[in-house]
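1. Predicted model follows, preceded by the sequence.
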Amino acid sequence: MIETLAILAPGLLGGSAAMAAHARGVAKRIVIWARRPETRLALQGQPWCHEVLDTPEAAVAGADFVVLAAPVEKIIELAEKIGPKLRAGAVMTDVGSVKGELSRRCHATVSPLAAFVGSHPMAGSQKTGWENGTPQLFEQRVAFITPLENTPTWAVEKVVRFWNDLGSEATTVSADEHDEIVAHISHLPQAVATSLCTFLAQRNHAWRNFAGGGLRDTTRIASSDASMWVEIFQQNRDEVLRALGGLQDELQALRAAIANREWTEVRARLERGKAYRDGFRP
């Protein structure tokens, strides 16, 4: 059991992590820091939060496990503030959806007696804020753990155990491999959903009143926070561009097959897509 768990800047993921840690008995004590005074006030008295601190430095004082739950562009800034102040044996992780540069820079902030191990739970929704959190958010969801080559094994094991204890299925990959994977399975779907909606927005807006489940399912994540996704696209620019280029080639091939009445080729593409989708785990 973690003695003191500190969660900094809790939004949907950080709030849910605190709720899950409390519900599952993962930590004896949970302390929170939030940037806005009104958020800190609202968090006081929450059953899953033992103390709310006014500064990130105060929140990590004495903590043996720290989760940086800020937006991607703020995680490094927070790490630079509190990394040097971590106690001996403490582990710091994050929930950022881009890992390469972030992991290297956060790792550089901690002393040799503490450790940073990047992580990214593949959980969330189009909603934001700790108010929308739930202790079940991470159940049966993959959590990427992204150690660097010189990350101590004991620290990696602690982060793996933390996400497993919250109900996730931890899997370990390199930071750069993570960024390639999520560019295709997370960032590309966001770009597609957004592009489909911006394309349809150029047509008669009344058409959306006729939308069935297909369009609603395909575009659900287009309702996600735009500022958050600008940051993600900035941080993972090269991998997102590669994924978009591959999808453009695929769409062009489908367009050519339809234009040339190559219905056997169209069927083959539809069947390959169906086989891939049917292979998703429950």
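-> Nice, thanks for sending it over.

2. List of residues touching stretch 101-117?
-> Stretch 101-117 is touched from outside by 68, 72, 75-76, 79-80, 83-84, 86-94, 96, 118, 145-148, 151-152, 154-156, 158-159, 175, 235, with contacts defined as CB atoms under 8 Å, 6 or more residues apart in numbering. In short, each C-beta sits where N, CA and C put it, glycine included.

3. Tell me which of the residues you listed fall in helices.
-> Per DSSP state H, helices hold the following members of these: 72, 75-76, 79-80, 154-156, 158-159, 175, 235.

4. Could you pull out the helices in the chain for me?
-> Secondary structure of the chain (DSSP H): helices located at 12-23, 37-43, 56-60, 72-82, 100-107, 153-165, 175-182, 188-200, 213-219, 226-235, 237-259, 263-278.

5. Against which helices or strands is the first one packed?
-> Spelled out, that is helix 12-23. Using 3 or more CB pairs under 8 Å, 6 or more residues apart in numbering; DSSP states H and E as the contact criterion, the neighbours of helix 12-23 among helices and strands are strand 2-8, strand 27-33.

6. one step back: widest-spaced pair of the ones in helices among the contacts of stretch 101-117?
-> The distance between the two most remote of the ones in helices among the contacts of stretch 101-117 (CB to CB) is 28.3 Å, for Trp154 and Gln235.

7. ok, back up a step: just the buried ones out of the contacts of stretch 101-117, please.
-> Among the contacts of stretch 101-117, those scoring as buried are 68, 72, 75-76, 79, 83, 86, 90-94, 96, 118, 145-148, 151, 155-156, 158-159, 175, 235 (criterion: 16 or more other CB atoms under 10 Å).

8. circling back: could I get the ones in helices among the contacts of stretch 101-117 as JSON lines with pLDDT and distance to His22?
-> Shown next, in JSON lines, are the ones in helices among the contacts of stretch 101-117 (pLDDT from 0 to 100; distance: CB to CB, whole Å):
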{"residue": "Val72", "pLDDT": "84", "distance to His22": "26"}
{"residue": "Ile75", "pLDDT": "94", "distance to His22": "23"}
{"residue": "Ile76", "pLDDT": "94", "distance to His22": "28"}
{"residue": "Ala79", "pLDDT": "96", "distance to His22": "24"}
{"residue": "Glu80", "pLDDT": "95", "distance to His22": "29"}
{"residue": "Trp154", "pLDDT": "96", "distance to His22": "25"}
{"residue": "Ala155", "pLDDT": "97", "distance to His22": "23"}
{"residue": "Val156", "pLDDT": "97", "distance to His22": "24"}
{"residue": "Lys158", "pLDDT": "97", "distance to His22": "18"}
{"residue": "Val159", "pLDDT": "98", "distance to His22": "19"}
{"residue": "Ala175", "pLDDT": "95", "distance to His22": "30"}
{"residue": "Gln235", "pLDDT": "91", "distance to His22": "30"}
